[in-house]
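Engineer: model this:
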Amino acid sequence: MDMLTLDRPPRTMLAKMLEKHMPEDGKVQTSVPGLWLIRSAHTNQRGPVVYEPSLYVVAQGSKCAYFGRETYSYDALNFLLLTVPLPLEAQVVRASPDEPYLAVRLELDMNMVTELLMELDQGVKPVSDIVLRGICSSRLDSEMSDAVLRLVKTLESGPRSRILGPIVTREILFHLLQGELGHILRSFARQDRHNHQVARVLQFIQKNYAQALEVNDLALLANMSSSSFHNHFKTVTGYSPLQYIKSLRLHEARRMIQQETQSVSDAAYRVGYVSASQFSREYKRMFGETPSRDGVGWSILR
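Structural biologist: Got it, this is the predicted structure:
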């Protein structure tokens, strides 16, 4: 019996469990801290999204995340891991009313990761200070698949989700740390590593992107020289610091216009632009369409 056959039963059970908890399309935050359930019965157009540091595991269907020229596909065989917040475009590429896209999103609790690292023997798995990309995907093995299934099963009752949910979450993080992407997660969790320092700045930017941000101040926050910070930042995110801030602002504005039906001027103001003409120019340069036409096109497609 091959590995694919061995892996199939837990994922089939996971899909059934998710359909039980998610009879309608949408995204629901559960009683387990950091656990979200996601369902879509239809494919959709590429749309802007800012992914939080999370683990995405798909039970049925498939989705793609587009990061610049890079495409990350995740389905019932492959999970997606993000260690930093990143502005992306995403698209459900396989779903139907009979077999909807079903997935779980587990927010990364870096405090829990750090606690696990303190208990693990770092002499066996040394942590490199090589700066790494903040997004990656890998094959979903049977141990991870089984743990995710058990995590969703804790939603069957309040006491189970309250008591067992954090225990199983900890087990999932353990499997991540011990798996082929463990070195990436460890490098972002260790406070003395460049990846962690960049991740800390990214969290700050995400909370303050509508404010005036200076690269030199961000470098000081990372405890790096400006040139070192610029190089490490670009390796992790694929952007220079200024490009990242601009991309984050424009992605958030596009989401507001398309999904929250915000006016163009309100969206521009909320993400930190003081000039509507500059906002429109930069929006068109990034997305290939003016914000007013882009919002109309999205409403028609929906």
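Engineer: how about the helices of the stretch 51-200 of the chain, start to end?
Structural biologist: Using DSSP state H, counting those that start in this stretch, the helices of the stretch 51-200 of the chain run over 110-119, 142-153, 158-159, 165-178, 182-189, 194-208.
Engineer: for Leu88, which of the ones you listed is the nearest?
Structural biologist: The closest of the helices of the stretch 51-200 of the chain to Leu88 is helix 194-208. By CB to CB, the value is 13.3 Å. For every residue, glycine as well, the C-beta is placed using N, CA and C.
Engineer: circling back to that earlier point, for the helices of the stretch 51-200 of the chain, which has the smallest mean pLDDT value?
Structural biologist: The weakest mean pLDDT among these belongs to helix 182-189, with a mean of 84.
Engineer: mind giving me the packing neighbours of it?
Structural biologist: Using 3 or more CB pairs under 8 Å, 6 or more residues apart in numbering; DSSP states H and E, the elements in contact with helix 182-189 are helix 110-119, helix 165-178, helix 194-208.
Engineer: centroid-nearest residue for this protein?
Structural biologist: Tyr51 (3.4 Å; CA atoms, centre = their mean).
Engineer: any idea how far apart the tips of stretch 24-42 sit?
Structural biologist: Stretch 24-42 has its terminal residues 12 Å apart, counting by CA to CA, to the nearest Å.
Engineer: Throw the helices of the stretch 51-200 of the chain into JSON lines and include distance to Val236 and mean neighbour count, thanks.
Structural biologist: Below are those laid out as JSON lines (distance: least, CB to CB, whole Å; neighbours: other CB atoms under 10 Å):
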{"stretch": "helix 110-119", "distance to Val236": "15", "mean neighbour count": "15"}
{"stretch": "helix 142-153", "distance to Val236": "24", "mean neighbour count": "21"}
{"stretch": "helix 158-159", "distance to Val236": "39", "mean neighbour count": "10"}
{"stretch": "helix 165-178", "distance to Val236": "18", "mean neighbour count": "19"}
{"stretch": "helix 182-189", "distance to Val236": "9", "mean neighbour count": "22"}
{"stretch": "helix 194-208", "distance to Val236": "5", "mean neighbour count": "20"}
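Engineer: got the helices and strands packed on helix 182-189 as JSON lines, with distance to Val28 columns?
Structural biologist: Output for the helices and strands packed on helix 182-189, formatted as JSON lines (distance: least, CB to CB, whole Å):
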{"stretch": "helix 110-119", "distance to Val28": "22"}
{"stretch": "helix 165-178", "distance to Val28": "15"}
{"stretch": "helix 194-208", "distance to Val28": "23"}
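Engineer: ok, which of those comes nearest Gly158?
Structural biologist: Nearest to Gly158, of all these, is helix 165-178, at 10.2 Å by CB to CB.
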